[in-house]
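# This is a predicted model, with the sequence first.
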Amino acid sequence: MNSSVTLKDIARAAGVSTAAISQALNDRGSMRPETRERIKAIAADLGYVPNRHATALRSGRTMTVGFVMAGDEPDRRWELQRTRKLTSLVRAAATHGFTVTVLPESTPDLIAGTTLDALYVPDARASQELLRAAIARGIPIVADDQFVDGSRGLSIRTGIDAAVRAGLDALEAAGASRIAFVTEDSGHPRDDIGRAAYEIWCSVRGREPMVRVVDADRRTLPRVVTESLGAGADAIFSGAEDGPEIYLQLEEMRLIVPRDVQLVALCSSDCAVNRRLGVTHVCIRPDLAAEAMFATLPAALREDGPRVVDLPWELVPGSTTRPRLPGVSAGAAQSVKAP
């Protein structure tokens, strides 16, 4: 590839005008198909590399996306999730020829001085003032597990509600009749969605919910598990993504979850550890959000309403040392128009 080759060079070799070259390479105009293909072949032979940024600027795009950085996060789990989201966004942006601008949520005035194709907001509820400033400027908003109202934008659903229901169905199919749901009172959308899915599942089946809340540092985890077992729980769904911790921390304290107690954990980052420990887990993939964003961005930039993308998830059975759960369920990735 030769980035120094220009449209004039191709026009000279093809014996046509630069306007004709531009039309052929951008599939515009009404030239004959064979002429268009001949020009494209000459451009390829010369090693022409289009300047994506120049093309984007001519169409009103900037090839830059913003990432809203929240303030200090007291919960180490969510601090890690935020770092992973930013890392995934930077990698996906580089693949698609974009740059990333990080904006602190505490400084919404910075929006006035930025030019962005989209603004990625991991937690829209904590960034309301910045969101209003971005929407006022017509910047499309991309948010995880939240719907942001606006003429343009994208909501990326990690499939938490479907994953929780699948895990609960698997526990029920394996014979569990009293399922405790361990969660964290963090105020983050993912925890709220998971808890709501559990409570609705219990209501539909006429079961009494058994919600148990752990602290951010998991110091209360042993007590929460002990109380759940004492209350008659024969299964635990760890909605706080603590499958490995339930095993490892309790083993250190010589408190072992009885083998007749089923355990399913929500999982977004500890899949390998869950597999090694034989923990049945419902694996969601928030790390795919950034790639889904760029795949859908052209449609999201059009002013015909916000869009929704569903990420895939998977139920992964544990080892044979514990009762096996039914097979694997998966949600297929797709893009649909928001209702």
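Here it is on my side, so go on.
# isn't there a strand covering residue 100?
Yes. Counting by DSSP: H, G, I helix; E, B strand; the rest coil, residue 100 is located in a strand.
# for it, what are its contacts?
The neighbourhood of residue 100, defined by Cβ atoms under 8 Å, 6 or more residues apart in numbering, consists of 64, 65, 66, 67, 86, 89, 90, 93. In this view, the C-beta of every residue, glycine as well, is placed from N, C-alpha and C.
# Could you report the separation of it from residue 268?
Remark: distance between residue 100 and residue 268 (Cβ to Cβ, to the nearest Å) = 21 Å.
# Same question for residue 311.
For residue 311 relative to residue 268 (Cβ to Cβ), the value is 11 Å.
# Now do the shared contacts for these two.
Common neighbours of residue 311 and residue 268 (Cβ under 8 Å, 6+ apart) are 158, 284, 285, 286.
# The third one and residue 309 touch, don't they?
Meaning residue 285. No. Counting by Cβ atoms under 8 Å, residue 285 sits too far from residue 309 to count as a contact (11.9 Å).
# List the contacts of the strand or helix carrying residue 129.
Using DSSP states H and E, residue 129 sits in helix 128-136. Helix 128-136 has contacts (Cβ under 8 Å, 6+ apart) with 66, 68, 103, 105, 107-109, 111-112, 116, 119, 121, 124, 141, 148, 150.
# which one of those residues sits closest to residue 226?
Within the contacts of helix 128-136, proximity to residue 226 (Cβ to Cβ) peaks at residue 124, which comes in at 36.7 Å.
# Do you know the pLDDT at that closest one?
Listed pLDDT for residue 124 reads 68.
# if we can go back for a sec, next structured bit after the helix holding residue 129?
strand 141-144.
# who does that following strand pair up with?
strand 118-121 (parallel), strand 153-157 (parallel) (DSSP bridges).
# Which positions within the longest one qualify as buried?
Judged by neighbour count (16 or more other Cβ atoms under 10 Å), strand 153-157 contains these buried residues: 153, 154, 155, 156, 157.
# Sounds good, over and out.
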